[in-house]
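> pasting the structure only:
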């Protein structure tokens, strides 16, 4: 039996790379939860800050997704609630940009509401 080398996590990120990936995790929320999920999975072991920010963005995007689904279902039952989905998208857009800007300044960003689903 030969000893296989254990896989190593990538090299730690530089400060610029840390801010870049953490900010893209927030801004990627404009497209949904996948960008923050991918960034979190790839970089969580290379930078604690990226892991924290990508996890926050991912939890927020999943929270918004739950809201989309709930209000789309309610929109079929109660006419007139369809506009709420658009409102949820606008809220997501605003907070994603705010998160992007905060991380670009090197600050952690806390969303005003979010379910803590990913720990």
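Perfect, I can see it now. Because the structure is a prediction, the values reported are computed rather than measured.

> which one is residue 40 nearest to, not counting chain neighbours?
Nearest in space to residue 40, with sequence neighbours left out and distances taken as C-beta to C-beta, 6 or more residues apart in numbering, is residue 54 at 3.6 Å. In this view, the C-beta of every residue, glycine as well, is placed from N, C-alpha and C.

> tell me which element the residue positioned nearest the centre of the chain is part of?
The centroid of the chain falls nearest to residue 57 when counting by C-alpha atoms, centre = their mean (2.4 Å). Here residue 57, judged by DSSP states H and E, is contained in helix 48-77.

> now the angle from the following helix or strand past that helix to helix 48-77?
Using DSSP H and E, the next helix or strand after helix 48-77 towards the C-terminus is helix 83-104. In terms of direction (axes from the mean of the first three to the mean of the last three C-alpha atoms, to 10 degrees), helix 83-104 departs from helix 48-77 by 170 degrees.

> who touches the residue nearest to residue 40 in this structure?
By C-beta atoms under 8 Å, 6 or more residues apart in numbering, residue 54 lies in contact with 21, 22, 25, 36, 37, 39, 40, 43, 44.

> let's go with 6 Å and repeat that
When contacts are counted by C-beta atoms under 6 Å, 6 or more residues apart in numbering, residue 54 touches 25, 36, 39, 40.

> One more: residue 109?
So residue 109 contacts 99, 102, 103 (C-beta under 6 Å, 6+ apart).

> Roughly how far does it sit from residue 51?
14 Å (C-beta to C-beta, to the nearest Å).

> what do you get for residue 72?
From residue 72 across to residue 51, the span is 31 Å (C-beta to C-beta).

> Looking at the two, which has the bigger crowd around it?
Neighbour comparison, residue 72 and residue 51: the larger count goes to residue 51, with 19 against 14 (by other C-beta atoms under 10 Å).
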